[in-house]
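Engineer: show me the folded form of this:
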Amino acid sequence: MRAVLFDMDGTLVDSEKLWDVSLGALYAELGGELTPQVREVLVGGSAEDTIRTVYTDLGLEQDPRAMAESNRWLHDYTAELFDGGLEWCDGAQELLDELAAEEIPMALVTNTLRALTDKALNSIGSHYFSVTVCGDEVARGKPAPDVYERAATLLGFDPVACLAVEDSVTGSAAAERAGCPVLVVPNDVAVPEGPRRHHASSLAGLRAADLHQVHSELVTRPGERTA
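Structural biologist: The predicted structure follows:
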């Protein structure tokens, strides 16, 4: 394991609850109501996919200008919520501190837009990360592999040498498609098992040595290549 690539929302900070609020507000603004089923589909999605799903769910015309305005509205609303501060997920800050102390390179890899990610970093601390890659800085957001491929490239490592840490179905798929073994720590939505995935109930109590072991086990399973 040469580096660790962290998702943000729901993995490091418990911001999915704030997205619940802002998405619910967007639905009300558009004359609808967000259901638990649709909210589950939206977890970990890109900004483009989120707005497309909302408009499809509400039966609204897929007008690019209206959708762009809804996207701006959603992110402005969420930014105000982020300004109130973000709570750490259990064990996240302690794990970042230990990895930093051992000088293991880390990247933040998120579908969240850059402007909103920078607000979140005010709570998290940008000093932890050698690089950050956001959903509006690549051609395709998660579940496409672009953000993970870019993070690995910027760090100078093969994706297989980078352990991804994710909480969502969408994010786990993106990391896997990029070639990263994945430590899955589900938050609100169950994530399927997979040969390149190791599940943990929480980051609490995990140490750097545990991440090394998880990475080693995943990349040396039969049929997998090593770095």
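Engineer: in a strand, that's where A164 is, yeah?
Structural biologist: Yes - according to DSSP: H, G, I helix; E, B strand; the rest coil, A164 belongs to a strand.
Engineer: tell me the pLDDT of it.
Structural biologist: Reading off the confidence values, A164 has pLDDT 98.
Engineer: tell me which helix or strand in the protein has the weakest average pLDDT.
Structural biologist: Least confident helix or strand of the chain, by mean pLDDT, DSSP states H and E, is helix 36-42 with a mean of 89.
Engineer: chain center to that helix: distance?
Structural biologist: Mean C-alpha position of helix 36-42 versus that of the full chain (Cα atoms, centre = their mean, to the nearest Å) differs by 16 Å.
Engineer: what domains does the record give for this protein?
Structural biologist: Taking the TED database as the domain assignment, the record places the domains of the chain at 3-14+87-220, 16-84.
Engineer: show me where the chain has strands.
Structural biologist: Under the criterion DSSP state E, the chain carries strands at the ranges 3-6, 106-109, 131-133, 162-166, 182-184, 197-199.
Engineer: what's the most buried one of those?
Structural biologist: Stretch with highest mean neighbour count among the strands of the chain: strand 162-166 (a mean of 28; mean count of other Cβ atoms under 10 Å). The C-beta positions use only the backbone N, C-alpha and C, and glycine is treated the same way.
Engineer: could you pull out the helices in this structure for me?
Structural biologist: With DSSP state H as the definition, the chain shows helices at residue ranges 16-29, 36-42, 47-58, 64-82, 92-101, 114-124, 146-155, 169-178, 208-219.
Engineer: any weak-confidence spans in the chain?
Structural biologist: Counting by pLDDT under 70, the low-confidence segments of the chain come to 222-227.
Engineer: change it to 80
Structural biologist: 44-45, 188, 221-227 (pLDDT under 80).
Engineer: excluding sequence neighbours, find me the nearest residue to A173.
Structural biologist: For A173, ignoring the flanking residues on the chain, the nearest one in space by Cβ to Cβ, 6 or more residues apart in numbering is P143 at 4.1 Å.
Engineer: what's near enough to touch that neighbour?
Structural biologist: P143 makes contact with V169, T170, G171, A173, A174, R177 under the criterion Cβ atoms under 8 Å, 6 or more residues apart in numbering.
Engineer: can I get stretch 10-20 in CSV? Just the C-alpha atoms.
Structural biologist: What follows is stretch 10-20 as a C-alpha-only set of coordinates in CSV (Å, rounded to 0.1, in the frame of the first residue of the first chain):
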residue,chain,number,x,y,z
GLY,A,10,-20.3,9.8,4.6
THR,A,11,-16.8,8.4,4.8
LEU,A,12,-14.8,11.1,6.6
VAL,A,13,-17.5,13.5,7.6
ASP,A,14,-21.2,12.8,8.4
SER,A,15,-22.4,15.2,5.7
GLU,A,16,-25.0,12.9,4.1
LYS,A,17,-27.4,14.1,6.8
LEU,A,18,-26.9,17.7,5.4
TRP,A,19,-27.5,16.4,1.9
ASP,A,20,-30.7,14.9,3.2
